[in-house]
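Asks: Based on what follows, work out the 3D shape:
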Amino acid sequence: MSNPPAPARSAAKHYLLYGSERYALAILRPLQVAIRARGDEAAWFFDGPGAEDLTADERLLTVQEVRHWKPLAVLTPGNHLPHFFPGAKVEVFHGFDAGKPRHIYIRGFFDLYCTTGPRDTAQFQALADKLGHFSVAETGWPKLDPFMREIAGPLPPVRQPPVILYHSTFSPSWSAAETLYEEVKRLSRDGRWRWIITFHPKMNPDTVAKFKALQNEHLRFAENDNILELFPQVDLMCSDTSSALNEFLLTGKPVVTYKNRRPGPQLIDIDDPAQFEPAIERALARPPELMTAIRDYANAIHPYRDGRSSERVLQAIDTFLAAGARNRRRKPLNLWRKLKLRRRIGYWGPA
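Replies: Numbers count the residues shown, from 1 in each chain. Below is the predicted model of the structure:
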C-alpha cells in the first residue's frame, strides 16, 4: 500500500517593500530576510532613488506587476504609498522621533503603524483611539535587527585615541554643521581624537564639500548609506537634532548635541561652539549619571535587544489580517495627496 501524498504547502505569501529614498534599503532588508526565512516572497518598488542599488537576487516590480502580484501587505519607512496597490498598508518608520513635529503627522495612507518602543506607541495609540482609521502594534524597528545582534554584550571601553562620529541633519534650521565647522576643523588637526564625518543625504552640497576638504590622517568623510555601520567604530557621537542620535544612544554611548530641539539628561547639549570641546571631554569620561540616563532613554524608545523586530512586524501583520484587516473607521479620502502620488509614479489607472 502506497503512502498518502504529503500535503501541499500553501502558496507563498507576497510582501511588497516600498521605498522613496535609498535609506529604505537598510530599513527594509531585514524584513526581506525574515520574509524569506518564512518561505514567503518579498519584492521591491521605488518611486525615488534606491532601485539601482538592488542586488541580483532582489526583485523589482513595476506598477502593473505589483497589481498582478497582489501582495498581502505593502511596507514602507516613508509617510506615503499608493492607495491603489493591493494589500494592507504598513508603516515601519524612517527614524526615531527627534523632536521634529512631522514625525507624528498622520497622512491617512496606512492601516497599521508598527512602532519602535513605548514612547512612540503611546503617541500613536492616542491618535488611533481618536481617529479610528489605523491600528498600532509595538514591534521594534526592523533596521536595527542586524545592529542589535552586532552590539550584543557589554559596552566596550573608550578607544585610545578615541573616535568621534560627527553627523548632522540637513535642515538649515536644525543643522549645526556650519556653526561647528571651525571647531571640528581645529579639533581634527591635533591628533588627540580621530573623527568620522557623515551627513544626511539631503545636506547642502556646499557644506558637504567644506567638510570633505578637512580630510587628513585624523579625519575621514564617510559616505555609508547605512549610518549604523559606523556606530561600532566610534566612542561618541556629536550631532544636533538628527534622529540618528537616538539610534546611537541604543549603543549605550554618549552623544553631544548643539541646540537640540528636545534635550534631556541622556544628552550633553550645548548652545555655544566654545562649549564643544569641554562637552566632548565630559562625554568621553562617561560620568555615571549620564550613562544611567542613556540606558533609561534607550529602554523607552526601543527596549528590544533580540534583533527580531522584523519577525514582530510580520506577526503584527498576521494578527491584523486575521482580525479582518479592518479598522474602526475608513481612511480619509485624501484626494490631493493621492493625486500627487499618482503624478509622482505616473499611474492613472484604476484603484
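Asks: domain ranges for the chain?
Replies: Domain assignment of the chain by automatic domain parsing yields the ranges 14-147+305-345, 155-301.
Asks: And the helices in this structure, which stretches?
Replies: 23-37, 63-69, 118-131, 145-150, 177-187, 205-212, 244-249, 276-285, 288-301, 309-322, 335-345 (DSSP state H).
Asks: which parts of the longest one are buried?
Replies: So that's helix 23-37. Neighbour counts using 16 or more other CB atoms under 10 Å place Tyr23, Ala24, Leu25, Ala26, Ile27, Leu28, Arg29, Pro30, Leu31, Gln32, Ala34, Ile35 of helix 23-37 among the buried residues. The C-beta positions use only the backbone N, C-alpha and C, and glycine is treated the same way.
Asks: closest to Ser173 among those residues?
Replies: Minimum distance to Ser173 across the buried residues of helix 23-37 is 21.2 Å, recorded for Tyr23 (CB to CB).
Asks: any idea of the pLDDT on that closest one?
Replies: pLDDT, Tyr23: 87.
Asks: what does Leu249 give?
Replies: At Leu249, pLDDT is 96.
Asks: Look up how far Arg295 lies from it.
Replies: Leu249 is 9 Å from Arg295, where distance means CB to CB, to the nearest Å.
Asks: Show me which of those two is the more surrounded one.
Replies: Leu249 (22 against 15; other CB atoms under 10 Å).
Asks: coming back round to it: I'd like the helices of the chain written out as JSON lines, with distance to Pro161 added.
Replies: Output for those, formatted as JSON lines (distance: least, CB to CB, whole Å):
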{"stretch": "helix 23-37", "distance to Pro161": "29"}
{"stretch": "helix 63-69", "distance to Pro161": "51"}
{"stretch": "helix 118-131", "distance to Pro161": "35"}
{"stretch": "helix 145-150", "distance to Pro161": "23"}
{"stretch": "helix 177-187", "distance to Pro161": "12"}
{"stretch": "helix 205-212", "distance to Pro161": "20"}
{"stretch": "helix 244-249", "distance to Pro161": "19"}
{"stretch": "helix 276-285", "distance to Pro161": "10"}
{"stretch": "helix 288-301", "distance to Pro161": "21"}
{"stretch": "helix 309-322", "distance to Pro161": "34"}
{"stretch": "helix 335-345", "distance to Pro161": "47"}
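Asks: With Gly264 as the reference, name the closest of those.
Replies: helix 288-301 (6.9 Å).
Asks: what's the closest one packed up against?
Replies: helix 118-131, helix 244-249 (3 or more CB pairs under 8 Å, 6 or more residues apart in numbering; DSSP states H and E).
Asks: Highest mean neighbour count out of the ones you listed?
Replies: Of the helices and strands packed on helix 288-301, the one with the most neighbours on average (mean count of other CB atoms under 10 Å) is helix 244-249, at a mean of 23.
Asks: what sits up against that helix?
Replies: 95-98, 144, 147, 165, 167, 227-228, 231, 237, 239, 255, 257, 260, 266-267, 294, 297-298, 301 (CB atoms under 8 Å, 6 or more residues apart in numbering).
Asks: Can you give me every residue that contacts the nearest residue to Ser310 once chain neighbours are set aside?
Replies: Leaving aside its chain neighbours, Ser310 sits nearest to Ala34 (3.8 Å; criterion: CB to CB, 6 or more residues apart in numbering). Neighbouring residues of Ala34 by CB under 8 Å, 6+ apart: Pro142, Asp145, Ser310, Glu311, Val313, Leu314.
Asks: before we move on, what about Ala128?
Replies: Tyr113, Phe134, Ser135, Val136.
Asks: I'd like the distance between it and Arg282.
Replies: Computed as CB to CB, the Ala128 to Arg282 distance reads 41 Å.
Asks: thinking again about what came up before, any idea how far Asn204 is from the residue nearest to Ser310?
Replies: For Ala34 relative to Asn204 (CB to CB), the value is 37 Å.
Asks: Next one: Phe93 from Asp111, what distance?
Replies: 15 Å.
Asks: Share the number of residues neighbouring the residue lying closest to Arg159 once chain neighbours are set aside, please.
Replies: Leaving aside its sequence neighbours, Arg159 sits nearest to Asp235 (CB to CB, 6+ apart; 5.6 Å). Applying the criterion other CB under 10 Å, we find 23 residues in the vicinity of Asp235.
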